[in-house]
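Engineer: Let me see the structure of the following:
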Amino acid sequence: MENSILKSTKKKLGLDPSYTAFDIDVIDHINGVFVTLNDLGVGPESGFMIEDDSSTWEDFMGLDPRMNSVKNYVFLRVRMIFDPPATSYHTQAMAEQIKELEWRISVRREHTNWTPPEPIEAQPEVILDGGSA
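Structural biologist: Below is the predicted model:
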């Protein structure tokens, strides 16, 4: 199984992994999806980007098999930009699948990485106009 992020995404797009004419476009779209995933709390905290076919899924998400849906999410988001479906029905179905994957990925992340919030300390009241509290 292909572990290169670029090559596996190109393969799912129906492009031969050795065909490089669209690499810049596909890389830009993948990196845009990584920004969204970072906003969801997935991947390295400092962010992640690819520049060629050397970056792997393991580099991005480690070895946790519970995060395999991230691969499908990246493909669907890239497909919607790079090669959108011809019919509105197909577009709507893909959009709904993307939303469900976002929800599932977010729930998984919250389940595994959630930390309880620290309470905010109460601040003393400040009276600016000379009145009383």
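Engineer: quick check, distance from the helix or strand bottoming out on mean pLDDT in the chain to the centre of its chain.
Structural biologist: Ranked by mean pLDDT, DSSP states H and E, the weakest helix or strand in the chain is helix 88-113, scoring a mean of 90. Offset of helix 88-113 from its chain centre (C-alpha atoms, centre = their mean, to the nearest Å): 10 Å.
Engineer: burial count for Tyr19?
Structural biologist: The tally of other residues near Tyr19 (other C-beta atoms under 10 Å) stands at 9. Placement of C-beta: from N, CA and C, glycine included.
Engineer: Next up, the contacts around it.
Structural biologist: Counting by C-beta atoms under 8 Å, 6 or more residues apart in numbering, Tyr19 touches Lys10.
Engineer: Now do it against Glu118, distance only.
Structural biologist: For Tyr19, the distance to Glu118 equals 51 Å [C-beta to C-beta, to the nearest Å].
Engineer: now swap in Glu51 and tell me
Structural biologist: 38 Å.
Engineer: what does Val78 give?
Structural biologist: Separation of Val78 from Glu118 (C-beta to C-beta) stands at 38 Å.
Engineer: so what's the residue lying closest to Ile81 once chain neighbours are set aside up against?
Structural biologist: Distances taken as C-beta to C-beta, 6 or more residues apart in numbering place His29 nearest to Ile81, at 5.0 Å, with adjacent residues excluded. Going by C-beta under 8 Å, 6+ apart, His29 touches 77-78, 81-82.
Engineer: Go through these and flag which are in helices.
Structural biologist: Per DSSP state H, helices hold the following members of the contacts of His29: 77-78, 81-82.
Engineer: May I see the PyMOL selection of the buried members of those residues?
Structural biologist: Here is the PyMOL command that selects only those of the ones in helices among the contacts of His29 that count as buried (16 or more other C-beta atoms under 10 Å):
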select buried, resi 77+78+82
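Engineer: Ser4: which of the ones in helices among the contacts of His29 is nearest?
Structural biologist: Val78 (14.2 Å; C-beta to C-beta).
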